[in-house]
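Asker: can you look at this prediction? I've put the sequence above it.
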Amino acid sequence: MKKTIYILLAIGLTTIATNFARGEDAVNVSRTQTILGMTKPILVSLSGFTGEAAEVLKFDLYVQGFNFVAPEAAQYVISGSDNGAVVGSVRDTVSKKDLFSRSYNGASVRRQAHAFADDIVQAVQVLPGGQPVKIIGQSKIAYKSQSPSGPGEIFIADFDGAGAQAITSDNAIVAKPAWVPGKLALYYTSYARSNPDIYFHSLASGQRRTIASYSGLNSGAAVSPDGTRVAMVLSKSGSPNIWVCDADGSNLKRLTTGAEDSSPCWSPTGDTICFAMKANGRRRLATVPAGGGEVHYLPTTGAPSPSEPDWSPDGKWIAFTCQGGDFSICVMPADGKVPPMVLVSGQNPSWAANSRTLVYNHGRDGAQKLSVLDVFTKQYKDCRRAAGSNSQPAWAR
Amino acid sequence: MISILTFLNDTLLTKPKIMKINRLIFPLVIALAAMIVSTGCKHGYSKTTELKNPQRYIPGPGNERPETQQPQMPTPMPYDPNAGVGVVNVPHPEGPIGTTTNWNPVDMNQDRATLAANMVHFKFDSSVVVDNEQANVSAVAAFMSGDAAAKLLIEGHCDERGTEEYNRSLGERRALALREALNKAGVNADRIRTLSFGKDKPAEFGHDEAAWAKNRRGEFVVCRPK
C-alpha cells in the first residue's frame, strides 16, 4: 500500500516536472520557431530591370527574405532601369513614402545591382534596437570544386556563384577553405604534396605556405574572428583532434582528446570552439573553450548524426548538417536550449555576415551544387555552377 | 607613425617644451574636428531618407575614385580579378614544420601491389578492425618484419554516407586503428604513416551497399628508399 502511494506520488511529481519543463520549452519554441524557417517573406514588386540587373536583384532579395508579387499586392514597389547603369527607387505602399531613389556608377551593372539590393535590404529591414542589417551583396565565397575521381581546386566567386575562378593549380584533392575575416586570404587543405596539409594563401600576393604538415591528418582550418588564431584537426598524437595555433602555425595547442573530432568553428567572441565528435559510437556536437578546458555536448534532439557546425556572426545560431537518410541543413540557437530546426536538404552550411543567409551544397556526391538559403523564410536558390562538383563553401565575412 | 608617437611622448615628458605641445596639438585638434564633421556628414547620409537621385560610386578595376565628394560604396571584400591570383609556394621561414616522422612516402618508391590483397574493410561508421580482418593484419605484420628496410603507408577511406570533413577524420581513424593493430602485432609505429582520403577517393562509384562496403577500406602501400 505504502509502495503504491510512493509510486503514485513519484508519477505525479514527474508529470508536474515534465509539464513544467515543457511549459518553459513551449514559450521558447514558439518565440524562436516562428522566426526560424517560418517567417513570411516581405512582398515586393520589381519593374524596369532586365538581364543581369534583374537576375541579381531577384537572387539577392529572395535569399534575404523578399518575394515577388504584382505591384498591387506589394508592400514595397521597386522600380528603375539598367540602361548602362542601374537607377532604382523604392516606395513603401503602406506609408505611401518613397524610401530612396538612387543611381549607381562604376564597376559593372552586376555589382551596381548588388549595391542596389544592399540598399533595399538596409532601407526595409532593421534589426531590433535599430541596428542596420549587415549587407552581403558584394561578398565572396570560396569553395572546392572537384572531379568525381578526386582531384580539384579551390575556387572563389561572388556569393551567387558569378565570376568563379580557381585560385589553386594543384590538380590534387583539396578541402575546406576558410577565409581570414575581412582579408583577401584563405586557409585550406590540399593534398598537393600527397598528404592533407593546411595552407595559408594570400590572394593579394598569390603567395602561400603550409602552416600544418604533420604526419597524418591536417585539415578543417577555421580562423578566429580576430584573425590571429586557427583551429584545425590534427592526428599527430594518435587520433583526429581539435588543435589551435597562431595564424602562422606556431604556438600549437591540443584542445581535445576524443576518438574522432572534426569541423571546428569559432564563436564570434572568439572564446569558444564548436566541433563535431563521436562519443560512445554516437556523432555529436560539442564545445570547448578556445584556450583549453572542459568539453560540453550540445543537445541536438531530432537532428541525428550532426556534423559541420558553423556559428552565426551575431552569436545567436549554430548551423550544422544532420544525417537521417539524407543530409539536411539544421539551425539551432547557440545555447542549445531549443531543439534544432531541420530546414532543407544539404550539407556544409556557412553563414553570411547578415546571420540569416547560408551558403551550402546539395545533391549527389560527384555532382554537388551550391545554394544560398534564407533560414527565416526557408527560401533558397542555386548558385551559378563552376565545372565539377562544388562543395564546402565558405562565406567571406 | 612610431616615430611621431615617440616624438609626442618625448615632448609630453619634457616640461619646458609645453608651448611646443600646444603648437603641435592645436592643428591636430583642428584636423580631428574636421574629421568628425566629415564623418558626421557621411553618417547623415541615411539609407531611409528621401534623396534626390544621389550617385553611388562603386570602386573596381579601371574605375578610380572620382574627385567629387560622393558617398563611397562600402566594399566588404574588395577584390581585383586581374591581380593577385596565382600560387607561389613560399617555404616556411623555419623550414618545413611539423614532420613528425623522419621519412616521407613522397620521397620513396611506393609499391601498391605487394599488399593489395590484404586490404581491410570496415563496418558502417566504424573504425574497429573486425575479427575476420585479423588475417590481413597478420599478413602485413609478417611482411613488415621480413623486410626491415620497408616503411608502410596506410590509406583510410570511407563510403559517401558521412559529411566530407567527418569522413576525413573517420578515414584517419581507420588508418590509425590499423596502425595500432600492426603495432600490437610487432611492427614499430615509427615505420607507419597514415593518410586519410575521407570519401574523396572511392574505389566504387555506385550509390548502394555493395559500393559502400568496398569503399570503407584501409589500403597498405609499401614504401622503399629510392
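Answerer: It's in.
Asker: partner residues bridging the closest residue in space to A:Ala54 that isn't next to it in sequence?
Answerer: Leaving aside its sequence neighbours, A:Ala54 sits nearest to A:Leu46 (C-beta to C-beta, 6 or more residues apart in numbering or on different chains; 7.0 Å). Just so you know, the C-beta spots here come from the backbone N, C-alpha and C atoms, and that holds for glycine as well. Note on A:Leu46: beta-bridge partners by DSSP bridges are A:Ile78.
Asker: correct me, but A:Leu46 touches A:Val56?
Answerer: No: in this structure A:Leu46 lies outside contact range of A:Val56 using C-beta atoms under 8 Å: 11.1 Å.
Asker: identify the residues contacting the top strand by length along chain B?
Answerer: What stands out as the longest strand in chain B, according to DSSP state E, is strand B:217-225. Strand B:217-225 is contacted from outside by B:103, B:105, B:108-112, B:114-116, B:118-122, B:140, B:143, B:147, B:149-157, B:174-175, B:177-178, B:203, using C-beta atoms under 8 Å, 6 or more residues apart in numbering or on different chains.
Asker: how about the helices in chain A?
Answerer: Secondary structure of chain A (DSSP state H): helices at A:2-33, A:51-62, A:109-124.
Asker: wait, chain B
Answerer: Assignment of helices within chain B using DSSP H yields the ranges B:2-13, B:18-44, B:134-146, B:164-184, B:209-215.
Asker: what's the least confident stretch among those helices?
Answerer: When the helices of chain B are ranked by mean pLDDT, helix B:2-13 comes last with a mean of 36.
Asker: okay, stretch A:75-95 in CSV with CA atoms only?
Answerer: The C-alpha coordinates for stretch A:75-95 follow below in CSV (Å, rounded to 0.1, in the frame of the first residue of the first chain):
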residue,chain,number,x,y,z
GLN,A,75,4.4,46.4,-49.6
TYR,A,76,7.4,47.8,-51.4
VAL,A,77,7.4,48.8,-55.1
ILE,A,78,10.9,48.6,-56.6
SER,A,79,11.3,50.3,-59.9
GLY,A,80,14.1,51.6,-62.1
SER,A,81,16.2,50.9,-65.1
ASP,A,82,19.6,49.5,-66.2
ASN,A,83,20.5,51.3,-69.4
GLY,A,84,24.2,51.2,-68.9
ALA,A,85,23.9,51.9,-65.2
VAL,A,86,21.5,50.9,-62.6
VAL,A,87,19.0,53.5,-61.4
GLY,A,88,16.4,52.5,-58.8
SER,A,89,13.9,53.7,-56.3
VAL,A,90,11.8,52.1,-53.6
ARG,A,91,8.3,53.1,-52.5
ASP,A,92,6.6,51.9,-49.3
THR,A,93,2.9,51.4,-50.3
VAL,A,94,1.7,51.2,-46.7
SER,A,95,3.2,54.5,-45.5
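Asker: list the buried ones in that stretch?
Answerer: A:75-80, A:82, A:86-93 (16 or more other C-beta atoms under 10 Å in any protein chain shown).
Asker: same question, stretch B:204-215
Answerer: With burial defined by 16+ other C-beta under 10 Å, the residues of stretch B:204-215 counted as buried are B:Trp212, B:Lys214, B:Asn215.
Asker: quick check: A:Gln379 vs A:Lys40, distance?
Answerer: According to C-beta to C-beta, to the nearest Å, A:Gln379 stands 11 Å off from A:Lys40.
Asker: between these two, which has more neighbouring residues?
Answerer: A:Gln379 (20 against 10; other C-beta atoms under 10 Å in any protein chain shown).
Asker: ok, that one - contacts?
Answerer: A:Pro41, A:Tyr62, A:Val63, A:Gly65, A:Asn67, A:Leu373.
Asker: check B:Asn183 too.
Answerer: B:Ala189, B:Ile192.
Asker: and if you look at A:Trp243?
Answerer: Counting by C-beta under 8 Å, 6+ apart, A:Trp243 has contacts A:Ala231, A:Met232, A:Val233, A:Leu234, A:Leu252, A:Lys253, A:Arg254, A:Leu255.
Asker: I'd say A:Ala276 and B:Tyr166 touch.
Answerer: Yes: the criterion here is C-beta under 8 Å, and A:Ala276 meets it with B:Tyr166 at 5.9 Å.
Asker: thinking again about what came up before, relative to A:Ser307, which of the contacts of A:Gln379 is nearest.
Answerer: Nearest to A:Ser307 among the contacts of A:Gln379 is A:Leu373, at 17.7 Å by C-beta to C-beta.
Asker: just give the nearest non-adjacent residue to that closest one, would you?
Answerer: Closest to A:Leu373 by C-beta to C-beta, 6+ apart is A:Tyr380, at 4.1 Å.
Asker: quick one: the one you found and A:Ile329, what's the gap?
Answerer: For A:Tyr380, the distance to A:Ile329 - C-beta to C-beta - is 9 Å.
Asker: related to what we said a few turns ago, wait, doesn't the residue nearest to A:Leu373 sit right on A:Phe59?
Answerer: No: with contacts counted by C-beta under 8 Å, A:Tyr380 stays clear of A:Phe59, the gap being 10.8 Å.
Asker: what touches both of these two?
Answerer: A:Val372.
Asker: what sits against the closest residue in space to A:Tyr188 that isn't next to it in sequence?
Answerer: Spatial nearest neighbour of A:Tyr188, chain neighbours left out: A:Pro177 (4.1 Å); criterion: C-beta to C-beta, 6+ apart. By C-beta under 8 Å, 6+ apart, the contact list for A:Pro177 reads A:Ala142, A:Tyr143, A:Lys144, A:Ile154, A:Leu186, A:Tyr187, A:Tyr188, A:Gln392, A:Ala394.
Asker: just list the residues touching the third one, thanks.
Answerer: Okay, so that is A:Lys144. With C-beta under 8 Å, 6+ apart, A:Lys144 has these contacts: A:Gly152, A:Glu153, A:Ile154, A:Phe155, A:Val174, A:Ala175, A:Lys176, A:Pro177, A:Tyr188, A:Asn390, A:Ser391, A:Gln392.
Asker: if we go to 7 Å?
Answerer: A:Gly152, A:Ile154, A:Val174, A:Ala175, A:Pro177, A:Ser391, A:Gln392 (C-beta atoms under 7 Å, 6 or more residues apart in numbering or on different chains).
Asker: same check on the first one?
Answerer: Contacts for A:Ala142 (C-beta under 7 Å, 6+ apart) come out as A:Ile154, A:Phe155, A:Ile156, A:Pro177, A:Trp179, A:Leu186, A:Ala394.
Asker: redo that, cut-off 10 Å
Answerer: Listed by C-beta atoms under 10 Å, 6 or more residues apart in numbering or on different chains, the contact partners of A:Ala142 are A:154-157, A:167, A:176-179, A:186-188, A:201, A:203, A:350, A:392-396.
Asker: my guess is B:Ala141 contacts B:Leu182. True?
Answerer: Yes: assessed by C-beta atoms under 10 Å, B:Ala141 is found in contact with B:Leu182 at 5.4 Å.
Asker: quick one: common contacting residues for the two?
Answerer: Joint contacts of B:Ala141 and B:Leu182 (C-beta under 10 Å, 6+ apart) are B:Leu152.
Asker: can you pick out the residue with more neighbours from those two?
Answerer: B:Leu182 (23 against 18).
Asker: hmm, B:Ile192 and the more buried one touching each other?
Answerer: Yes: taking C-beta under 10 Å as the definition, B:Leu182 is a contact partner of B:Ile192 at 6.4 Å.
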